[in-house]
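# Below: sequence and its predicted model.
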Amino acid sequence: MYPEFYFMRFYTFLMCILSLNLMPFRLKAESLSPKPYGPTPSAKQLISENEELYAFMHFGVNTFTDKEWGEGSENESIFNPTDFNAYQMVQAFKDGGFKGVILTCKHHDGFCLWPSAYTEHSVKNSPWRSGRGDVVREVSDACHRLGMRFGIYLSPWDRNHAFYGKPEYLTYYKNQLRELLTQYGPIFEVWLDGANGGMGYYGGAKEKRVVDATSYYQWPDAWVSIIRELQPDCIIHSDFGPDNRWGGNEEGTQALTSWATIKNKNLTFNTKESKRNKTGERPGDLWVPAESDVSIRHGWFYHESEDSTVKSATKLFSLYCQSVGRGSNLLLNVPPDKRGQLAAKDVASLKAFKALKDATFATNLINDANITASNTRSNDSLFSAQHLKAESGNTYWSTDDSVTEANVVFEWAEPVTYNLINIQEYIPLGQRVDAYQIEHWINNAWVLDTQAQAIGHRAIFKGSTVTTTKVRLTIKHSAACVAISHFGLYLQKD
């Protein structure tokens, strides 16, 4: 039995006891709280957004051929890591502050990192571990034992399989999906790539095959239903959901205005529309937030020639601000080398990133401020602007139903200095704010720091260094009464 099973049983028992003690508070809060606006995140989406940081691991025959996209004709013997260590890799991600790992169990070349019963093109025919190895098993076990979540990437495109582009391949893919979803414990995310055909080996045919992704793969009726059946708590990622969407680029950044919602009529699996991927849609009727993927190196697989391209901690923090800080999760790829470990330079960068992030958010300057709100819902402390100090939880500042424009002023007895702003909505009630601005007081006048539209899970703004005694957050327009869970001012020291 996996350790998280026992943890969840204990957690559930503890929550039941606490809920009895908090029942009067909860009943009052529920009776006075605002109604949700528009679509809201499911329980698994909410967990995913709160975790924010996930790791990608691109590993396979490309690691040993020094290519990014394998052709599908590679001999299985090429795969032979010299010192494979799943714990080294997963521990490095944990030490970097990441919450889960998604492994490329099969990339476009079709080589399988587990001994699949449905193909010979897998680790079972490689010299690694004398043909008895299972990368998926070792990585998933390391994740579960180290308290990390485990996810899978299974490329829809397969340049090795003779029947790719034909109905028989769909049966093959479904069989492999079932293998991965039933043999490796809890899966937190299935990441479905948008590459859909081209030149390939295809069992020796060596030809070009292109499919209509929206019809050939039978996304909703086949693959999605299998995942929902076997791993109901799993997030399904494709270009447009259904649980989260591709961020529109492979640079790890999101549009400044990025809504967590899209329109149901526009939900098409495995279809790239770069602008809509980046921005979402407002108003929308489905909660499908973005996930921003990027590699710590220039490429996705390990290449020794790219050792000099490893992103620094400062760069990774900047990407965090431009992804998580724009309502998206950050999916950072760190590829294992030919040993089957993460390179020392990559590991050091991950650790330094966490140290920089922790140091930046260690002191929220509003904790020492006098806080005054223009409106508080029902004049009740349950919805006080004092809750903006909280880093997480179920508290938030809210206004009366009729109040969709409001402000909060933060004032200090002595000047404070900041260069980073962090604001969060209480997204269990939906994405409500349409426009807001933040100002600081200087020379007896308000000076604009920033103005924006979307908040969602988190909005972060890194600007010039400001010293002031007053800051004002103004909600210029909200589609429903305000529900803001956190506001923070920080000083980042590079």
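Nice, thanks for sending it over.
# List the single closest residue to Asn370 in space, sequence neighbours excluded.
In this structure, Asn370 finds its nearest non-sequential neighbour in Glu411, 4.7 Å apart by Cβ to Cβ, 6 or more residues apart in numbering. Any C-beta I mention is one placed from the backbone N, CA and C, and that applies to glycine too.
# ditto for Asp337
Tyr302 (4.6 Å).
# The one you found - that's part of a strand, no?
No: counting by DSSP: H, G, I helix; E, B strand; the rest coil, Tyr302 is not found in a strand; it is coil.
# check contacts around it.
Neighbouring residues of Tyr302 by Cβ atoms under 8 Å, 6 or more residues apart in numbering: Phe59, Thr63, Pro335, Pro336, Asp337, Lys338, Ala343.
# mind giving me TSV with the residues you listed and columns for pLDDT and neighbour count?
Output for the contacts of Tyr302, formatted as TSV (pLDDT from 0 to 100; neighbours: other Cβ atoms under 10 Å):
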residue	pLDDT	neighbour count
Phe59	98	25
Thr63	98	22
Pro335	98	25
Pro336	98	26
Asp337	98	20
Lys338	98	14
Ala343	98	21
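# now the helices for the stretch 151-300 of the chain?
Taking DSSP state H, counting those that start in this stretch, the helices of the stretch 151-300 of the chain run over residues 167-183, 213-216, 225-230, 274-279.
# Out of these, which gets the lowest mean score?
Ranked by mean pLDDT, those bottom out at helix 274-279, with a mean of 81.
# Next, the buried residues of that one.
Buried positions in helix 274-279, judged by neighbour count with 16 or more other Cβ atoms under 10 Å: Arg276, Asn277, Lys278, Thr279.
# Could you dump the residues you listed into a markdown table and include distance to His457?
A markdown table is the format used below for these (distance: Cβ to Cβ, whole Å):
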| residue | distance to His457 |
| --- | --- |
| Arg276 | 19 |
| Asn277 | 17 |
| Lys278 | 16 |
| Thr279 | 16 |
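# Among those, which one lies nearest to Ala86?
Nearest to Ala86, judged by Cβ to Cβ, of those is Asn277 at 32.1 Å.
# Quick one: residues in contact with stretch 449-457.
Applying Cβ under 8 Å, 6+ apart, the external contacts of stretch 449-457 come out as 49-50, 256-260, 282, 289, 324, 326-327, 421, 423-425, 427, 431, 433-440, 459, 461, 463, 466, 471, 476, 484.
# coming back round to it: out of the helices of the stretch 151-300 of the chain, nearest to Ala55?
Per Cβ to Cβ, nearest to Ala55 of the helices of the stretch 151-300 of the chain: helix 167-183, 17.8 Å.
# that older thread, name the helix or strand for the residue nearest to Asn370, please.
Glu411 belongs to strand 406-425 when assigned by DSSP states H and E.
# Provide the partner residues of the spatially most central residue of the chain in its beta bridges.
For the chain, the residue nearest the mean C-alpha position is Asn329 (2.8 Å; Cα atoms, centre = their mean). For Asn329, the beta-bridge partners under DSSP bridges are Glu291.
# returning to that earlier point: let me know the pLDDT of the residue nearest to Asp337.
We have a pLDDT of 98 for Tyr302.
# Equivalent analysis for the one 4 residues further on, please.
For Glu306, the model assigns a pLDDT of 97.
# Thr279 reaches Ala260, doesn't it?
No: with contact defined as Cβ atoms under 8 Å, Thr279 does not reach Ala260; the gap is 10.8 Å.
# Excluding sequence neighbours, find me the nearest residue to Ile460.
Gly325 (2.8 Å).
# can you give me the helices in the stretch 1-150 of the chain?
3-21, 23-32, 43-51, 61-65, 86-95, 135-145.
# how is the chain carved up into domains?
As assigned by automatic domain parsing, the chain contains the domains 43-360, 365-490.
# Quick one: closest of the ones you listed to Lys35.
domain 365-490 (7.6 Å).
# How far away from the center of its chain is the closest one?
How far domain 365-490 lies from its chain's middle: 24 Å, per Cα atoms, centre = their mean, to the nearest Å.
# One more: stretch 42-58?
4 Å.
# Now do the contacts for Asn422.
Asn422 neighbours (Cβ under 8 Å, 6+ apart): Gly325, Phe361, Arg458, Ala459, Ile460, His486, Phe487, Gly488, Leu489, Tyr490.
# confidence score at it?
98.
# On the strand side of things, show who it bridges to.
Ile460, Gly488.
# what's the spacing between it and Asp109?
41 Å (Cβ to Cβ, to the nearest Å).
# picking that back up, for the contacts of Asn422, give me a markdown table that also has distance to Ser122, neighbour count and pLDDT.
Shown next, in a markdown table, are those (distance: Cβ to Cβ, whole Å; neighbours: other Cβ atoms under 10 Å; pLDDT from 0 to 100):
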| residue | distance to Ser122 | neighbour count | pLDDT |
| --- | --- | --- | --- |
| Gly325 | 40 | 26 | 98 |
| Phe361 | 43 | 15 | 97 |
| Arg458 | 40 | 23 | 97 |
| Ala459 | 44 | 26 | 98 |
| Ile460 | 42 | 20 | 98 |
| His486 | 46 | 22 | 97 |
| Phe487 | 51 | 24 | 98 |
| Gly488 | 48 | 20 | 98 |
| Leu489 | 52 | 24 | 98 |
| Tyr490 | 48 | 20 | 98 |
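# closest to Leu146 among those?
Among the contacts of Asn422, and counting by Cβ to Cβ, the member closest to Leu146 is Phe361, at 23.5 Å.
# The closest one reaches Leu491, doesn't it?
No: taking Cβ under 8 Å as the definition, Phe361 is not a contact partner of Leu491, at 10.5 Å.
# do you know how far Thr63 is from Phe487?
For Thr63 relative to Phe487 (Cβ to Cβ), the value is 44 Å.
# just Thr104 next, same as before
Distance from Thr104 to Phe487, by Cβ to Cβ: 39 Å.
# since we're on the nearest residue to Arg149 once chain neighbours are set aside, how many residues are nearby?
Distance criterion Cβ to Cβ, 6+ apart; nearest residue to Arg149, sequence neighbours excluded, is Gly100 at 3.3 Å. Using other Cβ atoms under 10 Å, Gly100 has 23 neighbouring residues.
# Same question for the one 4 residues further on.
The local packing of Thr104 (other Cβ under 10 Å) involves 25 other residues.
# same deal with the one 10 residues further on?
Using other Cβ under 10 Å, the number of residues around Trp114 comes to 25.
# And the strands in the stretch 301-450 of the chain?
For the stretch 301-450 of the chain, the strands defined by DSSP state E, counting those that start in this stretch cover 329-333, 370-373, 397-398, 406-425, 433-442, 445-452.
# One more: the stretch 151-300 of the chain?
189-191, 197-200, 207-210, 235-238, 244-246, 261-262, 286-287, 290-295.
# Name the residues that touch the fourth one?
With contact meaning Cβ under 8 Å, 6+ apart, strand 235-238 is reached by 44-45, 48, 151, 188-192, 194, 219, 224, 227-228, 242-246, 269-270, 291.
# List the residues that contact Ala483.
Applying Cβ under 8 Å, 6+ apart, the residues contacting Ala483 are Pro34, Tyr396, Trp397, Ser398, Glu425, Tyr426, Leu429, Arg432.
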